[in-house]
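Chemist: From the sequence below, what's the structure:
(2 chains)
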Amino acid sequence: MRTILDGLSWITTSDNWWGRNGIATAIVDHLWYSFIATLLAVVIGLPLGLAIGHTGRGRFAAVNAAGLWRAIPTIGVVALIFRWKPLSVWPVLVALLILAIPPVMMNTMAGIESVSADARDAARGMGLTGWQTLWQVEVPNALPLILAGIRSAANQVIATATIAGFVGLGTLGRFIFTALGTQKYDVMAGASILVIALVLVVEAMFALLQRSIVSPGVRQRGALRFRVGTVPLPEVAEVAANTG
Amino acid sequence: MARRVVIIAAAPPSWDGAGLSGNWDVVWYYTQQHARYTLFALVLGMILALPLAFAAVRRPSLYPPLLVSTNIIYAVPAITMFIVLSTWLGFLNDKPIIVAMALYTLVILVRSLVESIRAVPEHVVQAAEAMGYTSARRFVSVELPLALPGVVAGLRLAAVSTVSLISVGALIGRGAIGRMFTEGRQRRITTEIWSALVAVVVLALVLDLVIFVAGRAATPWIRAGRGGRRRRDTLEPAR
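Modeler: The predicted structure follows:
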């Protein structure tokens, strides 16, 4: 408890905020790495998820690959790529990207699959092409789950971006790693509180985003319910995960 | 006393040379340790998650704050978590990493437990109630078994992510296979890093498979029900 209070007083000391090694720079770096990694994960994961969800092809392979993919340890990727490209952002960026792809892809897939067969039949009956069905029917209906996937990816990435401190890069992780060596537990507590705060702020932003871009019709149906056993639950209830 | 001396003397095997041959003992030693940590963490996580899920199912108003709390726990950076738990459980043992991993699994386990139990058909629950089952007994002998497929799915995800996450423990010297990452980086042995990556993924695959098979063995009725009829398309959305 005392350490938490010490951490808060570290955060509230204005001298710690400014300068090249200040909190402000670290937060900007932290958010910047996280944003790039999440964006790339969406660029890669979203089309894959849409394709698999729409066609149903490659689903088995995707589900199993995603399971294995999740097992890849972030710190291992960082260590490996560091051997290759030391002193660059690549080790951290690639590790975060690997972390962020499965939630985006699997939730997009599950979202598209959750669209009711009736809606799909109706779209077909109205003469919509496959492409039109995807964009005008499936994506709008799947939007809550797609956003949940991106939100989950962003959460994991922000919580994990501290790993950058392991290879001496910026982000709030630098404070934590330095504090580990120098045993300055107030700094460690303070930086950790900031990481948690960032996760919560981004979480709230996604909640607002969801409210503003999901169609009211889809929203009013409330929380999408799935029967257990139809869509594997973890892919639907994808959760904030992984700290390292 | 003699036994204690042996334990202290048994230093972990260390990587020798640049190649993998001759270093299988290192990989095997850390893989066993890794598997042990994961199993303890999953069991402890389940023990913590069950009462929380029970409370959330019986009192739905508890569920949202519970989810937020598990999310916050998950957002705690791993190193901080280790240090906090170490000051409480001691620095020189395996308890901090196991407890940390168990706490991280809650975000998956609590959610999958609650969501799967909520999906148990209402009429089954009512039938149990009408038969005079107490709330706790209904939970254990009706709701939990019927929720098993979803729970197993959550457990698989928790197992895989725990296997992956334990590696971070290397930063405080307790990462099992993860120590091969930090060591490989310090000693510039790329093969050691590669081997560790593969070992983690293979271990995750094996554990995932074990839980999957155990889950199927524990839910024979799911396949039995499908026997005669055309197999239900697993992609069919819920009505």
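
Chemist: now the helix or strand where residue B:158 lies: how far from the chain's centre is it?
Modeler: Element membership of residue B:158, judged by DSSP states H and E, is helix B:144-166. On the basis of C-alpha atoms, centre = their mean, to the nearest Å, helix B:144-166 is displaced by 6 Å from the centre of the chain it belongs to.

Chemist: Does chain A have contacts with it?
Modeler: Yes: contact between helix B:144-166 and chain A is present through B:147, B:149, B:150, B:153, B:154, B:156, B:157, B:160, B:161, B:163, B:164, B:165 (criterion: C-beta under 8 Å from any C-beta of the partner chain). Any C-beta I mention is one placed from the backbone N, CA and C, and that applies to glycine too.

Chemist: How much space separates the last one from residue A:213?
Modeler: Residue B:165 sits 32 Å away from residue A:213, taking C-beta to C-beta, to the nearest Å as the criterion.

Chemist: Give me the more crowded residue out of the two.
Modeler: residue B:165 (28 against 10; other C-beta atoms under 10 Å in any protein chain shown).

Chemist: Wait, the more buried one touches residue B:104, no?
Modeler: Yes: contact between residue B:165 and residue B:104 holds when scored by C-beta atoms under 8 Å: they sit 6.3 Å apart.

Chemist: hmm, back to that, can you pick the most crowded of the residues of helix B:144-166 next to chain A?
Modeler: Among the residues of helix B:144-166 next to chain A, residue B:163 has more neighbours than the rest - 31 neighbours, counting by other C-beta under 10 Å.

Chemist: and it, what does it touch?
Modeler: Contacts of residue B:163 were listed using C-beta atoms under 8 Å, 6 or more residues apart in numbering or on different chains, and they are A:71, A:73, B:34, B:38, B:200, B:203, B:204, B:207.

Chemist: If you rank those residues by neighbours, which is first?
Modeler: In terms of neighbours by other C-beta under 10 Å, these top out with residue A:73 at 30 neighbours.

Chemist: Skipping its backbone neighbours, what lies nearest that residue in space?
Modeler: With C-beta to C-beta, 6 or more residues apart in numbering or on different chains as the measure, residue B:167 is the residue that lies nearest to residue A:73, at 4.0 Å, once sequence neighbours are left out.

Chemist: ok, that neighbour - contacts?
Modeler: A:73, A:74, A:75, A:76, A:244, B:175, B:176, B:177, B:178, B:181, B:196, B:200.

Chemist: hmm, 10 Å instead?
Modeler: Contacts here follow C-beta atoms under 10 Å, 6 or more residues apart in numbering or on different chains; on that basis residue B:167 touches A:72-76, A:79, A:244, B:30, B:34, B:78, B:175-182, B:196-197, B:200.

Chemist: ok, now residue A:169?
Modeler: With contacts defined as C-beta under 10 Å, 6+ apart, the neighbours of residue A:169 are A:29, A:33, A:78, A:87, A:88, A:89, A:91, A:92, A:93, A:161, A:163, A:177.

Chemist: So it: helix, strand or coil?
Modeler: When the structure is reduced to helix, strand and coil (DSSP: H, G, I helix; E, B strand; the rest coil), residue A:169 reads as coil.

Chemist: tell me the least confident of the contacts of residue A:169?
Modeler: Within the contacts of residue A:169, the minimum per-residue pLDDT falls on residue A:87 (81).

Chemist: What strand or helix carries it?
Modeler: When secondary structure is defined using DSSP H and E, no element contains residue A:87, which sits outside every helix and strand.

Chemist: Can you get me a residue count around it?
Modeler: A total of 10 residues lie near residue A:87 under the criterion other C-beta under 10 Å.

Chemist: List phi and psi for it.
Modeler: Summarising the backbone geometry of residue A:87 under the convention degrees, to the nearest 10, its torsions are phi 60, psi 40.

Chemist: List the buried residues for stretch A:165-175?
Modeler: Along stretch A:165-175, these residues count as buried under the neighbour rule (16 or more other C-beta atoms under 10 Å in any protein chain shown): A:165, A:166, A:167, A:169, A:170, A:171, A:172, A:173, A:174, A:175.

Chemist: How about the fifth one, nearest residue that isn't a chain neighbour?
Modeler: Across the structure, with C-beta to C-beta, 6+ apart as the measure, the residue nearest residue A:170 apart from its sequence neighbours is residue A:29 (3.5 Å).

Chemist: residue ranges with poor pLDDT in the chain?
Modeler: In the absence of a named chain, this looks at chain A. Within chain A, the stretches falling below the threshold (pLDDT under 70) are A:1, A:219-244.

Chemist: switch to chain B, that's the one I care about
Modeler: Judged by pLDDT under 70, chain B has its weakly predicted residues at B:1-10, B:225-239.

Chemist: Could you check how many residues crowd around residue 84?
Modeler: No chain in the question, so chain A it is. Residue A:84: 11 surrounding residues under other C-beta under 10 Å.

Chemist: not quite, I wanted chain B
Modeler: The burial count assigned to residue B:84 is 19, neighbours taken as other C-beta under 10 Å.

Chemist: ditto for the one 5 residues further on
Modeler: One way to gauge burial is a neighbour count; for residue B:89, by other C-beta under 10 Å, it gives 16.

Chemist: hang on, it packs against residue B:95?
Modeler: Yes: under the contact definition of C-beta atoms under 10 Å, residue B:89 touches residue B:95, with a separation of 4.2 Å.

Chemist: separation between the residue nearest the centre of chain A and chain B?
Modeler: In chain A, the residue lying closest to the centroid (C-alpha atoms, centre = their mean) is residue A:153, at 1.2 Å. Note on residue A:153: its distance to chain B, by C-beta to the nearest C-beta, to the nearest Å, is 14 Å.

Chemist: Work out for me the element residue 51 sits within.
Modeler: Looking at chain A here, since you left the chain open. With DSSP H and E as criterion, residue A:51 is part of helix A:23-55.

Chemist: Chain B was what I was after
Modeler: In this structure, residue B:51 sits in helix B:24-58 according to DSSP H and E.

Chemist: Which of the contacts of residue B:167 are buried? Put it as a PyMOL command.
Modeler: Buried members of the contacts of residue B:167, identified by 16+ other C-beta under 10 Å, are gathered into one PyMOL selection as follows:
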select buried, (chain A and resi 72+73+74+75+76+79+244) or (chain B and resi 30+34+78+175+176+177+178+179+180+181+182+196+197+200)
